[in-house]
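Undergrad: Got a predicted structure plus its sequence, pasted below:
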Amino acid sequence: MTTHTPEEPLSDATALEHADAMIEKAWGRPIAELEKAAIRHPTEAPLLRAAMHTRSHLTVVSNSVAVHRDRLHALTRPGHVPAFYDLDRITASASALRTAHAESDTALQAIRHVVDARELALQAQDGLGAERVKAAAARTTNSPRPLGLPAEQPAPPATAVPTASTAKRR
């Protein structure tokens, strides 16, 4: 699992660079190879496809962050006194930059969740988790059905029995 928490400050690297590092570390191959694999074989690695799809969104958002940052820096450059009409442009640009950063953080978090899901899936395939999943699947498929109920009709839900603590309330 990843060890980054939202409270930790990220380094000077961009969100796209962080995403690339996470994806390359999780799959153990360069991004260029993973992009080709995600396009050629989408059904073989759905988590890779999800990570690469989110990464492509992050690429667009990262470009948006750079554009809004450059615009804001141009409007607030040192020695420049903004005109009255520039104040609305500065405010709009700052708001757009804040929104783009939030979208970038959200996409990065989504990639982090996909990478974590992949790690958990790999652990479940090899460990005790796989046995538990198989046992749970066997229990649900072989659950006893009420007598006289046709096979195509689902079993009725279990009836709720009031507990002693809720029965005494009035």
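TA: Everything's here; your move.

Undergrad: Run through the protein and note the low-pLDDT ranges.
TA: Along the chain, the model assigns pLDDT under 70 to residues 1-12, 127-170.

Undergrad: ok, which stretches of it are helices?
TA: 15-27, 31-40, 46-75, 84-126, 128-141, 164-167 (DSSP state H).

Undergrad: Would you mind putting the ones you listed into JSON lines with mean neighbour count alongside?
TA: (Each C-beta comes from the backbone N, C-alpha and C, glycine too.) Below are those laid out as JSON lines (neighbours: other CB atoms under 10 Å):
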{"stretch": "helix 15-27", "mean neighbour count": "18"}
{"stretch": "helix 31-40", "mean neighbour count": "14"}
{"stretch": "helix 46-75", "mean neighbour count": "17"}
{"stretch": "helix 84-126", "mean neighbour count": "15"}
{"stretch": "helix 128-141", "mean neighbour count": "10"}
{"stretch": "helix 164-167", "mean neighbour count": "8"}
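
Undergrad: how far away is Val65 from Leu48?
TA: 25 Å (CB to CB, to the nearest Å).

Undergrad: same check, this time on Leu58
TA: Distance from Leu58 to Leu48, by CB to CB: 15 Å.

Undergrad: Repeat that for Gly79.
TA: 49 Å.

Undergrad: Check Tyr85 too.
TA: According to CB to CB, Tyr85 and Leu48 sit 48 Å apart.

Undergrad: what does His68 give?
TA: His68 is 30 Å from Leu48, by CB to CB.
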